[in-house]
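S.K.: Here is the input, now give the coordinates:
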Amino acid sequence: MTQGIPPERLTDDDLRRELRHLHDTRHGTVLGGTASALRTHTVRMLELEQEFLRRFPDEGTPDPRRTRRGSRLEARRDDTTPGDH
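M.R.: Sure thing, here's the model as predicted:
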């Protein structure tokens, strides 16, 4: 069951605000919420994240340093760069 306004009906600003709020409250829900609260939170968070990625695909593109390939390239660059080793 969906809680709140369907994500596709939110304005861009409202979507960003709602998603930020859910991310801010996630830790507290995991640590202190009931199983039902955690399920509801997770479902809503996934709905909002999926809508966000649909609307803003470029913002969901991973930072190359956060991928395995990018991390390996960065590590190799650090090994060959003169500096404070």
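
S.K.: For the protein, give me the ranges with low pLDDT.
M.R.: Scanning the chain for pLDDT under 70 picks out the ranges 1-2, 78-85.

S.K.: Of all residues in it, which one is nearest the centre?
M.R.: For the chain, the residue sitting closest to the mean C-alpha position, by Cα atoms, centre = their mean, is Glu49 at 6.8 Å.

S.K.: Distance check, that residue against Arg66.
M.R.: Using Cβ to Cβ, to the nearest Å, we find Glu49 at a distance of 16 Å from Arg66. For every residue, glycine as well, the C-beta is placed using N, CA and C.

S.K.: How about Leu48?
M.R.: The value you get for Leu48 to Arg66, if Cβ to Cβ is used, is 21 Å.

S.K.: Looking at the two now, which is surrounded by more residues?
M.R.: Using other Cβ atoms under 10 Å as the criterion, Leu48 and Arg66 rank with Leu48 on top: 21 against 8.

S.K.: quick one: which helix or strand includes that one?
M.R.: Assigned by DSSP states H and E, Leu48 belongs to helix 35-55.

S.K.: Thr29 against Arg39, yeah?
M.R.: No - using Cβ atoms under 8 Å, Thr29 and Arg39 do not qualify as a contacting pair, with a distance of 10.0 Å.

S.K.: Neighbour count: those two, which is higher?
M.R.: Comparing Thr29 with Arg39 by other Cβ under 10 Å, the one with more neighbours is Thr29, at 16 against 11.

S.K.: Helix, strand, or coil at Gly4?
M.R.: The three-state label given to Gly4 by DSSP: H, G, I helix; E, B strand; the rest coil is coil.

S.K.: need the contact list for it.
M.R.: Under the criterion of Cβ atoms under 8 Å, 6 or more residues apart in numbering, the contact partners of Gly4 comprise 18, 44.
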